[in-house]
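> okay, here's the prediction I keep looking at, along with the sequence it came from:
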Protein chains: 2
Amino acid sequence: MGISHQMRTYIDRASWIRKMFEEGARLKQIHGADNVYDFSLGNPNLPPPPKVKEALLRIIRNGAASLHSYMPNAGLPQTRERLAAYLAREHGTPLRAEHVIMTCGAAGALNVILKALLDPGDEVVVPAPFFVEYGFYAENHGGSLKTVPTTADFSLDLNALDAAVGLKTKVVLINSPNNPTGQIYDANALKELGELLRRKSRTARHPIFLVSDEPYRKIVYTAEKPPSIFQYYENALIATSFSKDLSLPGERIGYIAMHPQAEDQAALQGALILANRILGFVNAPALMQWILPDLLEESVDVSLYRAKRDRLLDGLKRAGYSCFEPPGAFYLFPQSPLKDDVTFVRLLVDEKILAVPGSGFGGPGYFRLAYCVDDQTIEGALPGFARAMDKARSMR
Amino acid sequence: MGISHQMRTYIDRASWIRKMFEEGARLKQIHGADNVYDFSLGNPNLPPPPKVKEALLRIIRNGAASLHSYMPNAGLPQTRERLAAYLAREHGTPLRAEHVIMTCGAAGALNVILKALLDPGDEVVVPAPFFVEYGFYAENHGGSLKTVPTTADFSLDLNALDAAVGLKTKVVLINSPNNPTGQIYDANALKELGELLRRKSRTARHPIFLVSDEPYRKIVYTAEKPPSIFQYYENALIATSFSKDLSLPGERIGYIAMHPQAEDQAALQGALILANRILGFVNAPALMQWILPDLLEESVDVSLYRAKRDRLLDGLKRAGYSCFEPPGAFYLFPQSPLKDDVTFVRLLVDEKILAVPGSGFGGPGYFRLAYCVDDQTIEGALPGFARAMDKARSMR
């Protein structure tokens, strides 16, 4: 066989999720895409803010000759500078341009960070449920994922973290607002986590880095903004993108921000920039970097996502589902009426509803619904959710 | 220390090249950028063809709502289809959409290929001199680079390849037109290489893949187009980008094309697509994928690069340098008048000329000049080249 053993394992491992997607594609072909209720993908359905189009047209009409040229691997200097000024306000931390590295989305940012930090055998500790790609990202760079449970409402479980973070831990990776639960970790929890990591770093005799993956930071339904990890821990890195708040997921534009007081700052910057280069990203896409300085205060209309969340949550509760009300992101993570979430998601497929089993996120007994979809998809699916619940009840 | 041991080694290893770049930046600050002759970077100085701007404005003005959305990890279906049709003509091989995967440039394409193919300990055989990043790319995915010499005019040395390709070889990686030499491998050499790899694959009992990195394919000064590896070997993959022929290096747009008769085709496609996803590329930048179908026949005006090559080559020869006349790419790779190319490149720095020592490319005793620069840079540098030659002669 030509491909590597690892990739063959990965492809086998991923095959049941793929089968479900193929089943979805088959359903759409038979019934038409409009008659299948697809909640399986976190692909934002809101268009980018109008200023994105304006900024693109302006820069392409008037852009310098160097618009599409190579640039420093860390990104355009003026973009890094404007972004650092914005982040300094947003996170109450004196970031400068050198603390920001432009990346190919948050997925690129996370790979760059893990490449820069992990030695073979290092562990990346992640509260579960978690974004399923994290396991691949850790293994790409010789590390492995170690999951820890969260509390009943998917908040950080500090005792569980205390037990899990050990001598082999190099990174604790959190995602808030969370995919798939929509939970936001509060300031108290982050403060305690910071103290825990300081203590554990002393014992381990190396810094344990806190990495916060936060592309949903602006997609929140609370009065207050999510707290910043930079307020509570110094060996901290933010990995994020403009995929959700500007609805630009296909353009692969994001960044890494590092705490100005992170240990061994110069080496860390150098390693991140070198990793961005040698992993083959080279630099984040140029055109998007040019327009970003004008878009930092922009966002899609979050009230539209809120209305979708409320409508779907209300419909599910009326049908008898139990579901945490998420303060952020655009996912619901209801309890599966059957213990086996994969079996229940198959019942949903019978109703032409596509969802992802919680098992795929290290959260068995739940399923994920991405509600970044048309209102008609939500309305159209509610009767099917009710029928699936009835069927599940009759099976118990 | 926080960063990984491997990255610390890399940063130390790269430090003398970086010092040279820092020296260049220092010179530009003192003397002004116009008074420093920078031949160190392969950053195309020709603007993109006018159709790039037209296509961008058209698609942004009229683009669908899904212009910036997620897409299949392999790329936009219509872009893959149009590109496959173009490649089928260009390479005389019946490629279809499924044989093309859109990537973040050629660097992204190479990382995706090596991630998909390499098991720990596998070797990647590369004719030297070679693009310096290849070593990192192989090591990123658990492999290692094994270099083989080329002939006096930098052509493939089939005997050396025969000796080097062994049981641990998984990939032979060629780059034609070549960076740094500008050489193009001819059809006879590729035919022999194909036969060699078929024979070696049988002995190794696994397919040895031929990977051709060819972003300079359209930057050629010969009457005939470079031959296609697809004509001579089936387990073959092309990794390339539009960075040089469309002058879009900052946009990170490229692709992988696989031979339709490559062994275990479905698994290979699956592995490449999964690698594109889990390495964090996710998909090649969306906007560039939308405009590509209209730009496949486009190219910068190669005659302008040819004129620069001729002027610089002529000037160097008059000053006593010995240099291979390259049929492609935009680099000269002259012999260093001093045995130690690093010392000679320092003499050039004294003349405010920035070049890269051949040692950095596995080609000691030479230095690389990227002539994708303004004509004034070439004219202005010629007296300095002559003085450096005189100085070198006096040192021998």
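Sure, I can see it. Everything quoted here is computed from the prediction, not taken from an experiment.

> ok, then the element right after the strand or helix carrying A:Arg202?
If you go by DSSP states H and E, A:Arg202 is part of helix A:187-204. With elements assigned by DSSP H and E, the helix or strand that comes after helix A:187-204 is strand A:209-213.

> do that following strand and chain B meet?
Yes: residues of strand A:209-213 are located near chain B by C-beta under 8 Å from any C-beta of the partner chain, namely A:Phe209. For glycine as for every other residue, the C-beta is placed from the backbone atoms N, C-alpha and C.

> neighbours around A:Arg396, how many?
7 (other C-beta atoms under 10 Å in any protein chain shown).

> could you do A:Arg198 as well?
Neighbour count of A:Arg198, defined by other C-beta under 10 Å: 15.

> can you tell me the closest non-neighbouring residue to it?
A:Tyr233 (7.3 Å; C-beta to C-beta, 6 or more residues apart in numbering or on different chains).

> tell me the secondary structure at the one you found.
For A:Tyr233, the assignment made with DSSP: H, G, I helix; E, B strand; the rest coil gives coil.

> wait, doesn't it sit right on A:Met258?
No: using C-beta atoms under 8 Å as the test, A:Tyr233 is too far from A:Met258 to be in contact (11.8 Å).

> re earlier: distance of the residue nearest to A:Arg198 relative to A:Ala88?
Distance, A:Tyr233 to A:Ala88, using C-beta to C-beta, to the nearest Å: 17 Å.

> have a look at these two and say which one is more surrounded.
Between A:Tyr233 and A:Ala88, A:Tyr233 has the larger neighbour count (other C-beta under 10 Å), namely 24 against 17.

> helices or strands next to the top helix by length along chain A in the packing?
For chain A, the helix with the greatest residue count under DSSP state H is helix A:375-395. Packing partners of helix A:375-395 (3 or more C-beta pairs under 8 Å, 6 or more residues apart in numbering or on different chains; DSSP states H and E): strand A:37-38, helix A:302-318, helix A:341-350, strand A:353-354.

> contacts for that helix, please.
A:34-35, A:37-39, A:307-308, A:311-312, A:315-316, A:318-321, A:336-338, A:344, A:347-348, A:350-353, A:371 (C-beta atoms under 8 Å, 6 or more residues apart in numbering or on different chains).

> drop anything exposed from these.
A:37-39, A:308, A:312, A:315-316, A:319, A:321, A:336-338, A:344, A:347-348, A:351-353, A:371 (16 or more other C-beta atoms under 10 Å in any protein chain shown).

> do a quick rundown of the strands in chain A.
Taking DSSP state E, the strands of chain A run over residues A:37-38, A:100-103, A:123-127, A:144-148, A:169-175, A:209-213, A:236-241, A:254-258, A:331-332, A:353-354, A:356-357, A:367-370.

> export these as CSV, with columns for distance to B:Phe136 and mean pLDDT.
Formatted as CSV, these follow (distance: least, C-beta to C-beta, whole Å; pLDDT from 0 to 100):
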stretch, distance to B:Phe136, mean pLDDT
strand A:37-38, 40, 94
strand A:100-103, 17, 98
strand A:123-127, 22, 98
strand A:144-148, 22, 98
strand A:169-175, 21, 98
strand A:209-213, 22, 98
strand A:236-241, 21, 98
strand A:254-258, 19, 98
strand A:331-332, 36, 98
strand A:353-354, 40, 95
strand A:356-357, 35, 92
strand A:367-370, 36, 96
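
> from those, which stretch is densest packed?
strand A:100-103 (a mean of 28; mean count of other C-beta atoms under 10 Å in any protein chain shown).

> put the alpha carbons of it into PDB.
Output in PDB follows, covering the C-alpha atoms of strand A:100-103 (Å, rounded to 0.1, in the frame of the first residue of the first chain):
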ATOM      1  CA  VAL A 100       0.700  38.700  16.800                       C
ATOM      2  CA  ILE A 101       1.300  36.100  14.000                       C
ATOM      3  CA  MET A 102      -1.100  35.900  11.100                       C
ATOM      4  CA  THR A 103      -2.100  32.400  10.200                       C
END
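
> which other helices and strands contact it?
Short answer (3+ C-beta pairs under 8 Å, 6+ apart): strand A:100-103 packs on helix A:77-91, helix A:105-117, strand A:254-258, helix A:265-278.

> thinking again about what came up before, will you turn the helices and strands packed on helix A:375-395 into CSV that also has distance to chain B?
Formatted as CSV, those follow (distance: least, C-beta to the nearest C-beta, whole Å):
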stretch, distance to chain B
strand A:37-38, 13
helix A:302-318, 14
helix A:341-350, 21
strand A:353-354, 15
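
> would JSON lines of these with distance to A:Lys218 be doable?
Formatted as JSON lines, the helices and strands packed on helix A:375-395 follow (distance: least, C-beta to C-beta, whole Å):
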{"stretch": "strand A:37-38", "distance to A:Lys218": "24"}
{"stretch": "helix A:302-318", "distance to A:Lys218": "7"}
{"stretch": "helix A:341-350", "distance to A:Lys218": "30"}
{"stretch": "strand A:353-354", "distance to A:Lys218": "26"}
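
> among these, which comes closest to B:His206?
helix A:341-350 (35.2 Å; C-beta to C-beta).

> that closest one to helix A:375-395, inter-axis angle?
In terms of direction (axes from the mean of the first three to the mean of the last three C-alpha atoms, to 10 degrees), helix A:341-350 departs from helix A:375-395 by 120 degrees.

> quick one: average pLDDT of helix A:341-350?
With pLDDT averaged residue by residue, helix A:341-350 scores 95.

> how far does that helix sit from the chain's center?
Relative to its chain's centre, helix A:341-350 lies at 25 Å (C-alpha atoms, centre = their mean, to the nearest Å).

> again, but for stretch A:85-101
21 Å.

> what do you get for stretch A:323-339?
16 Å.

> contacting residues for A:Arg252?
Counted by C-beta under 8 Å, 6+ apart, A:Arg252 has contacts A:104-105, A:108, A:241, A:284-285, A:288, B:104, B:252, B:281-286.

> one more time with 10 Å
A:Arg252 sits next to A:103-108, A:241-243, A:281, A:284-285, A:288, B:104, B:252, B:280-286 when contact means C-beta atoms under 10 Å, 6 or more residues apart in numbering or on different chains.

> bridging residues for the closest residue to A:Ala109 other than its chain neighbours?
Distances taken as C-beta to C-beta, 6+ apart place A:Ala239 nearest to A:Ala109, at 3.7 Å, with adjacent residues excluded. Beta-bridge partners for A:Ala239, by DSSP bridges, are A:Asp213, A:Ile256.

> contact partners for A:Ala239?
By C-beta under 10 Å, 6+ apart, the residues touching A:Ala239 are A:101, A:103, A:105-114, A:173, A:175, A:211-215, A:254-257, B:280.

> got any ranges where the stretch 1-150 of chain A has weak pLDDT?
The stretch 1-150 of chain A contains residues with pLDDT under 70 at A:1, A:14-19, A:21.

> picking up where we left off before, between A:Tyr233 and A:Met258, which contacts overlap?
Contact criterion C-beta under 10 Å, 6+ apart; residues shared by A:Tyr233 and A:Met258: A:Phe209.

> which single residue of the stretch 101-250 of chain A ends up nearest chain B?
A:Gly250 (3.0 Å; C-beta to the nearest C-beta).

> just give me the neighbour total for A:Gly188.
I think there's a mix-up here, since residue A:188 is Asn and not Gly. The local packing of A:Asn188 (other C-beta under 10 Å) involves 13 other residues.

> domain boundaries for chain A, per the record?
According to automatic domain parsing, chain A comprises the domains A:5-48+A:301-395, A:70-294.

> so of those domains, which one's packed in deepest?
It is domain A:70-294: most buried of the domains of chain A by mean count of other C-beta under 10 Å, with a mean of 21.
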